[in-house]
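> Next come a sequence and a model predicted from it.
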Amino acid sequence: MDKIIKTISNNGHFRAYALEATQTVSEAQKRHKTWSSSTVALGRTLIAAQILGANQKGDDTITVRVQSNGAITSIIAVADTRGNVKGYIKEPNVDYKRGSTGEVLVGDLVGQGWFSVVKDMGLKTPYTGQTPLISGEIGEDLAYYLTTSDQTPSAVGLNVLLNEDESVHVAGGFLVQVMPDAPEAEISDFEARIQKMPAISKLLRSHDHSKAILDAIYGQDQYKILEESPLAFHCDCSKERFAASIQGLGKIEVEKLITENHGAEVICQFCETVYNFSENDLKELI
């Protein structure tokens, strides 16, 4: 089962999250029928949204948008505070950028653009933050957003590793953040250790990659686990929600659907679920 482990150093100066998201990304791949590069790009964005969602409270939701000028132009992921995430990629059939080790590369396919975060906290106007993409690899872009927009020094690692048949082998990531009262000397030592960490792709290949990630982050420093909670791909769409959207088109447009199409078919862009509305269904909406 996918999960997020929230930890804090014993001295309270640093916190770290470790995420296991293999089933989440695998479910997204199956629903959207993504090819390898698209699977990795979408998967990283889903994990990024789950990290941001874990930093929120109550019924807040987080929307992450990656918009660029590359072969992959648009990715959207929406997460809540309970570990649920949904998302989609505009170009699901991208598969042509590999490293010498066979690992899927994303940055060149994303290109230049923007990393945007919308926080819906139940207020009249959601908070929106935006920073330029600095690499297109998603993890580095999230770290830059947190450091620049949220004013919280952060390190992020995200990745999705695939099997030979392009299915998801393992997916996960981490977030490390400096707490406000951390002394400069400790920050310098911690940053040096983070820079020497093995690549996230190597850590994900460990038998217990959450423990491997946390051990690499903290080194010999002691830490405590604050919370361990589940993560999942989950879409909250329903026929009732789409019925309300159709009803919002107005009487004339709904009557056109009845006379011209004899019904309506709606596909959720986040999970590819198909909802069919018969003529009688539409008549009830008028």
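That came through, no problem. Residues are numbered from 1 along each chain as shown.
> what helix or strand does Gln29 sit in?
helix 22-32 (DSSP states H and E).
> Point out the other helices and strands that that helix packs with.
Applying 3 or more Cβ pairs under 8 Å, 6 or more residues apart in numbering; DSSP states H and E, we find helix 22-32 packed against helix 36-54, strand 84-89, strand 168-178, strand 232-233. To be clear about C-beta, it is placed using only N, CA and C from the backbone, and glycine gets the same treatment.
> Low-confidence bits of this protein, can you list those?
For the chain, applying pLDDT under 70 flags the ranges 97-102.
> which stretches of it form strands?
3-9, 14-20, 61-68, 74-80, 84-89, 113-120, 127-132, 154-162, 168-178, 223-230, 232-233, 263-267, 274-278 (DSSP state E).
> Leu161 pairs with what?
Val170 (DSSP bridges).
> So it is in contact with Leu203, correct?
No - between Leu161 and Leu203 there is no contact under Cβ atoms under 8 Å: 10.7 Å.
> Comparing the two, which residue is more hemmed in?
Leu203 (24 against 20; other Cβ atoms under 10 Å).
> what's the distance between that one and Gly113?
From Leu203 over to Gly113 the distance is 28 Å, taken as Cβ to Cβ, to the nearest Å.
> Please apply the same query to Ile47.
19 Å.
> how does the protein divide up, domain by domain?
Following automatic domain parsing, the chain resolves into domains at 3-233, 239-285.
> tell me the most buried of the ones you listed?
domain 3-233 (a mean of 19; mean count of other Cβ atoms under 10 Å).
> What's the separation between the residue positioned nearest the centre of the chain and Arg241?
Against the mean C-alpha coordinate of the chain, by Cα atoms, centre = their mean, the closest residue is Leu46 at 1.9 Å. Leu46 is 21 Å from Arg241, where distance means Cβ to Cβ.
> ok, back up a step: pretty sure the residue nearest to the centre of the chain sits against Val85.
Yes - here Leu46 reaches Val85: they are 5.1 Å apart, a contact under Cβ under 8 Å.
> overlap in contacts of the two?
24, 77, 79, 233 (Cβ atoms under 8 Å, 6 or more residues apart in numbering).
> Can you name the residues that contact the last one?
Remark: with contacts taken as Cβ under 8 Å, 6+ apart, Phe233 is in contact with 23-25, 27-28, 31, 46, 84-86, 271.
> can you check Ile194 too?
155, 176, 217.
> Show me which of those residues is closest to Ala54.
Closest approach to Ala54 among those (Cβ to Cβ): Val176, at 13.3 Å.
> who does that closest one bridge with?
With DSSP bridges as the rule, Val176 is bridged to Ala16, Ala155.
> next one: stretch 62-77 to chain centre, how far?
Counting by Cα atoms, centre = their mean, to the nearest Å, stretch 62-77 is centred 11 Å from the centre of its parent chain.
> now do the same end-to-end measure for that stretch.
8 Å (Cα to Cα, to the nearest Å).
> List the contacts of that stretch.
In contact with stretch 62-77 (Cβ under 8 Å, 6+ apart) are residues 37-38, 41-42, 45-46, 48-49, 52-53, 56, 78-80, 85-91, 94, 106, 108-120, 133, 136, 138, 141.
> try 7 Å
Outside stretch 62-77, the residues within contact range by Cβ atoms under 7 Å, 6 or more residues apart in numbering are 38, 41-42, 45-46, 48-49, 52-53, 56, 78-79, 85, 87-91, 94, 109-119, 133, 136, 138.
> likewise stretch 236-247?
Counting by Cβ under 7 Å, 6+ apart, 254, 264, 266, 268, 270-271, 273, 275, 277, 285 sit against stretch 236-247.
> Dump those into TSV; add distance to Gln151 as well.
Putting the contacts of stretch 236-247 into TSV (distance: Cβ to Cβ, whole Å) gives the following:
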residue	distance to Gln151
Val254	48
Ala264	47
Val266	41
Cys268	36
Phe270	31
Cys271	35
Thr273	39
Tyr275	43
Phe277	47
Leu285	47
